[in-house]
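# Kindly return the folded structure for what I paste below:
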Amino acid sequence: MKDIDLSKIKKAHFAGIGGIGVSAIARMMLAEGKIVSGSDISDSMIIDELRKLGAKIFLGHNADNVADDVDLIVYTPAVTADNPELKKAAEMGMPMLSYPEMLGLISKNKYTIAISGAHGKTTTTAMIAKILIDAGLDPTVIVGSLLKDQGSNFVAGKSGYFVAEACEYKKSFLNLNPKIIVITNIDNDHLDYYGNLENIKQAFGEFAAKLPEDGYLICDSSDKNLKEIIKSVKSEIIDYTKEDNNFNLKIPGGHNIKNAQAAIVVAKILNINEKKALTSLNGFSGAWRRFEYKGKTKNGVLFYDDYGHHPTEIKATLKGARELFGGKKIWCVFQPHLYSRTKLLFDDFGKSFGDADEIILADIYAAREPKDKSINSKMLAEEITRNGGKARYMESFDEITVFLAENAKKGDVVITMGAGDVFKIGEDLLKK
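Have a look, this model is predicted:
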């Protein structure tokens with residue numbers, strides 16, 4: 001399966017084509033002139049862009065979506081083995097690759113810079129991509145968001161450099177063949193798969209061990225979660241926290257200073273002029289859904305949107321917002337992502353909203369999980385309130401939109417937050 005020659009693929013079908021990673025591969029194949037089809041359970045902005053580029057899109061998964069002459073199936077790790085499209089492909093003997101396997105195939109013959117970590121990897125990937133593009137290194141880039149300058153999650157480069165966001169979920173990143181690995185941090189996420197922090201650390205250890213002797217591991221070597229991992233690494237280890245942080249970033253927060261420090265180390269390894277790299281970083285305006293400014297309502301309420309869905313990310317984003325906006329009133333509309341994550345990190349979530357003045361909880365976004373009646377957003381609102389926050393639960397996006405329209409005043413800041421579709425609330429309010 002790993003010996004598939006991508007240059008010989010003429011027609012590819014994508015199961016879960018709306019996923020941020022899978023859609024990047026679909027874009028790549030469209031750019032190469034291949035015939036692309038794909039399916040997903042719901043429509044989205046990403047899918048609409050693929051339509052415009054010439055992809056044939058099906059809403060819903062069905063065996064009939066897969067044409068008999070398809071010569072490669074690419075699927076998201078979120079689809080299950082009983083997916084009718086995967087079943088048909090298996091029956092017909094079609095080659096199938098998961099999104100992580102595809103990334104591995106692309107990275108095989110390239111100088112791969114893989115950016116991993118529980119938090120900050122998307123922003124750091126986007127920063128590194130901008131530095132390399134601005135320096136004329138013409139990299140291929142796949143990122144788990146949309147790059148602002150390109151409006152895309154994929155950049156087709158002609159050089160041997162490949163910049164890839166490396167996801168740890170289901171050990172996806174082990175498919176990559178990296179020359180440089182950035183580990184921003186390690187935290188207790190994806191516990192529905194890993195079970196505990198020790199298993200997560202072990203997976204990162206396996207990933208770091210993939211580096212060749214002439215490779216580089218960029219990390220915070222004093223981080224207690226990394227200390228054991230880096231003992232067995234063969235490559236050079238560079239501590240990004242030792243870098244000067246004399247940045248003048250457009251995006252707020254100490255966490256983004258750290259992301260920039262890691263990015264500047266990559267620039268130095270690749271012999272990019274440091275002044276040029278700093279100019280790139282200081283001109284970096286963020287990535288899609290990463291503390292993204294969405295606009296101002298007619299009555300002067302500022303709207304931001306953020307993908308944060310883990311307690312550490314929520315704290316960092318709200319802390320950065322507080323530093324940026326000082327005494328302004330900050331509203332946070334949070335949509336928890338996954339029943340399992342909400343339940344496993346319940347106590348931590350309860351203590352994560354200290355920098356928000358008012359918190360509104362939307363229903364849990366189930367994504368890949370069946371309903372779990374033992375946990376809900378009302379319970380989380382009560383837990384946040386117990387910890388000194390002012391939180392309330394609201395049943396629908398419409399109810400939240402009306403409430404904010406009536407209660408958020410001129411100069412207030414509203415941040416919608418979560419990995420689901422909570423951003424729609426801000427979009428609705430801005431339209432009104």
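# Confirm that Leu30 sits in a strand.
No - remark: Leu30 does not belong to a strand; assigned using DSSP: H, G, I helix; E, B strand; the rest coil, it is helix.
# now the helices for the stretch 251-400 of the chain?
Shown for the stretch 251-400 of the chain, the helices assigned by DSSP state H, counting those that start in this stretch span residues 254-269, 274-282, 311-325, 339-344, 346-350, 377-386, 397-407.
# CSV for the ones you listed, including mean neighbour count?
C-beta coordinates here come from the backbone N, C-alpha and C atoms, glycine included. Formatted as CSV, the helices of the stretch 251-400 of the chain follow (neighbours: other CB atoms under 10 Å):
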stretch, mean neighbour count
helix 254-269, 22
helix 274-282, 17
helix 311-325, 20
helix 339-344, 20
helix 346-350, 17
helix 377-386, 18
helix 397-407, 16
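# between the ones you listed, which one is nearest to Glu198?
Glu198 lies closest to helix 339-344 among the helices of the stretch 251-400 of the chain, at 14.7 Å (CB to CB).
# Assign Gly144 to helix, strand or coil.
Per three-state DSSP, Gly144 ends up strand.
# same deal with Ile57?
strand.
# Show me how the protein divides into domains.
What automatic domain parsing lists as the domains of the chain is 6-99, 109-282, 292-431.
# residue contacts, the residue nearest the centre of the chain?
In the chain, the centroid-proximal residue (CA atoms, centre = their mean) is Gly144; its distance is 4.2 Å. Applying CB atoms under 8 Å, 6 or more residues apart in numbering to Gly144 gives the contacts 20-21, 121-122, 125, 153, 165, 167.
# tally of neighbours for Asp148?
Let me fix one detail, which is that residue 148 is Lys and not Asp. Lys148 has 16 neighbours, counted by other CB atoms under 10 Å.
# Now do the nearest residue to Lys171 once chain neighbours are set aside, the pLDDT please.
Leaving aside its chain neighbours, Lys171 sits nearest to Ala203 (5.2 Å; criterion: CB to CB, 6 or more residues apart in numbering). For Ala203, the model assigns a pLDDT of 92.
# do the same with Leu226
On pLDDT, Leu226 comes in at 89.
# my guess is it contacts Ile181, does it?
No - in this structure, Leu226 is not within contact of Ile181 by CB atoms under 8 Å, at 11.6 Å.
# Have a look at those two and say which one is more surrounded.
Using other CB under 10 Å, the more surrounded residue of Leu226 and Ile181 is Ile181, with 26 against 22.
# Show me the helices in the stretch 101-250 of the chain, by range?
Under DSSP H, counting those that start in this stretch, the stretch 101-250 of the chain gives helices at 121-134, 191-194, 197-208.
# looking at it, Ile180 is touching Ile113, isn't it?
Yes - under the criterion of CB under 8 Å, Ile180 makes contact with Ile113 at 4.5 Å.
# Off-centre distance for the helix or strand bottoming out on mean pLDDT in the chain?
Least confident helix or strand of the chain, by mean pLDDT, DSSP states H and E, is helix 191-194 with a mean of 78. Put simply, helix 191-194 sits 17 Å off its chain's centre (CA atoms, centre = their mean, to the nearest Å).
# Show me which positions of it end up buried.
Neighbour counts over helix 191-194 (16 or more other CB atoms under 10 Å) mark 191, 194 as buried.
# Now do that helix: everything it contacts.
So helix 191-194 is contacted by 169-170, 200, 203, 338, 340-341, 344-345, 369 (CB under 8 Å, 6+ apart).
# now the residues you listed as a markdown table including distance to Ala135?
Formatted as a markdown table, these follow (distance: CB to CB, whole Å):
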| residue | distance to Ala135 |
| --- | --- |
| Tyr169 | 31 |
| Lys170 | 34 |
| Ile200 | 34 |
| Ala203 | 32 |
| Leu338 | 39 |
| Ser340 | 42 |
| Arg341 | 38 |
| Leu344 | 42 |
| Leu345 | 39 |
| Glu369 | 42 |
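# Got a quick PyMOL command for the buried subset of those?
Of those, the buried ones go into a single PyMOL selection, burial set by 16+ other CB under 10 Å:
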select buried, resi 200+203+338+340+341+344+345
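# Out of the contacts of helix 191-194, the closest to Ala356 would be?
Leu345 (17.4 Å).
# so what's that closest one up against?
Leu345 neighbours (CB under 8 Å, 6+ apart): 188, 191, 310-311.
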